[in-house]
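*Asks:* Prediction below, plus the sequence it came from.
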Amino acid sequence: MRDPASLNPPKNASPASVIGHVVYFLGLLYLFFFSIKLMSTAFKMGSLGFAEQLLNTATDPVAGIFIGFLATSLIQSSSTTTSIIVGLVAGDVLTVGAAVPMLMGANIGTTTTNTLVSIGHITRPAEFERAFAASTVHDFFNILAAIVILPLEIWFHPVERMATFMEGVFAGAGGMALFDPLDAIVGPLVDLVSGAVPYELPLIGIALFVLFISLRQLMSLMRGVFLERMASLFDRVLFRNDATSFGLGIVTTAAVQSSSATTSLIVPLAGTGVLSLRQIFPYTLGANIGTTITAMLAAMSTGEPTAVIVGLAHLSFNILGIAIFYPLKALPIWMAQKLGVYAARTKVSSAGVMSVYVALHIIPIIYFIL
């Protein structure tokens, strides 16, 4: 492994040296995205069928949220979960009312990868505090939105009503396939590795190994001169205000069809201090909007009005959540900051937070299996 001090070009470096470091950075970025895509592929191998069974077992709205959360945590793709839900509604297996809480749960479950990425900073308490806060601010927004909107949905159905109205606007629109550049770039290598190792656990191990190695090297770059030259691009252009951050989150997530990938990428930027939590928050809101595109297209391709309503319900829920909690953004940001401080305080507190996080996934799975 290269010496971290050698990863950054000196300020008077030659053009060839700068180009070499840029190529190295892009290579690490490729491996980072490859690891996330491979992890998703591995989880889907053993969990997709179980996730479909879970989505068939909703008995009440609260159970629906937990089922949507678990299904998405298992397969690491809210787009896949919502597409399955759309298919179940189109096949009259689920009602629209039962599907909406599952969509809320899918929003919460898609943030697991962010937490895994934040662990890469755990040996540096200050960085881990910032990274863990950045990884959980998305969780807190989704959880708070579900807590507020679910009772309103049970009593007044605002999400379903908004989606039904929009379905009338989009009536007659056909489905279309959306090009996935992330899959086009890293997909061939993912297919090669998953074909050579067609087992879930070894693939997850490979994915985690590549994730942490690429992340460690990326962080070394981000702590040095290389990212000092890039900092103004992030701070003054891409994340210069809430509107540009929000728009960037929508565009990048809609393009790669993976909010796990796009939100995980900014965790190291927060950990190394390039971006603040307040800059990241609107980006995660945009990612929530961008990740609904896949399900909407899948719904429109079915030609079933109820399926289209479900696809649009995911968008409606996120719009309502943003309308409520963007003005109250200080609350999820404060909660994430406090949890980050606690998680980074000692090794015991770090282990405690991670244990609770794992238990939140494992205990409900055991419950549903039994």
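*Replies:* That came in fine, so what should we check first?

*Asks:* going forward, measure contacts between C-alpha atoms and count neighbours the same way
*Replies:* OK.

*Asks:* Show me which residues of stretch 25-43 are buried.
*Replies:* Neighbour-count burial for stretch 25-43 flags 25, 28-29, 31-43 (criterion: 16 or more other Cα atoms under 10 Å).

*Asks:* Met162: which of these is nearest?
*Replies:* Ser40 (31.4 Å; Cα to Cα).

*Asks:* For the buried residues of stretch 25-43, work out which two are farthest apart.
*Replies:* Phe25 and Phe43 (27.3 Å).

*Asks:* circling back: next step: the buried residues of stretch 25-43 restricted to helices.
*Replies:* 25, 28-29, 31-43 (DSSP state H).

*Asks:* check contacts around the spatially most central residue of the chain.
*Replies:* With distances taken as Cα atoms, centre = their mean, the residue of the chain nearest its centroid is Ser260 (2.7 Å). Listed by Cα atoms under 8 Å, 6 or more residues apart in numbering, the contact set of Ser260 reads Ile36, Gln76, Ser77, Thr110, Thr111, Thr112, Thr113, Asn114.

*Asks:* try it again with 10 Å
*Replies:* 33, 36-37, 40, 76-78, 109-114, 253, 287, 291 (Cα atoms under 10 Å, 6 or more residues apart in numbering).

*Asks:* Just the buried ones among these, please.
*Replies:* Buried residues within the contacts of Ser260, counting neighbours by 16+ other Cα under 10 Å: 33, 36-37, 40, 76-78, 109-114, 253, 287, 291.

*Asks:* Which one of those is nearest to Gly87?
*Replies:* Ser78 (14.1 Å).

*Asks:* How many residues are close by Ile119?
*Replies:* 16 (other Cα atoms under 10 Å).

*Asks:* what pLDDT does the nearest residue to it once chain neighbours are set aside get?
*Replies:* Setting aside the residues directly before and after it, Ile119 is nearest to Phe128 in space (Cα to Cα, 6 or more residues apart in numbering), at 7.2 Å. Predicted confidence (pLDDT) for Phe128: 93.

*Asks:* what secondary structure does Phe128 sit in?
*Replies:* Three-state call for Phe128 (DSSP: H, G, I helix; E, B strand; the rest coil): helix.

*Asks:* In this structure it contacts Gln337, no?
*Replies:* No - counting by Cα atoms under 10 Å, Phe128 stays clear of Gln337, with 11.2 Å between them.

*Asks:* Now do the shared contacts for the two.
*Replies:* Counting by Cα under 10 Å, 6+ apart, the common neighbours of Phe128 and Gln337 are Ala134, Ala343.

*Asks:* ok, the two, which is more surrounded?
*Replies:* Between Phe128 and Gln337, counting by other Cα under 10 Å, Phe128 is the more crowded of the two (27 against 21).

*Asks:* residue contacts, the more buried one?
*Replies:* 118-122, 134, 267-268, 270-272, 340-341, 343-345, 350.

*Asks:* Check Thr111 too.
*Replies:* 69, 72-73, 76-78, 135-139, 142, 259-261, 263-264.

*Asks:* Phi first, then psi, for it.
*Replies:* phi -90, psi 0 (degrees, to the nearest 10).

*Asks:* Quickly note the distance from it to Ser78.
*Replies:* The span separating Thr111 from Ser78 equals 9 Å under the rule Cα to Cα, to the nearest Å.
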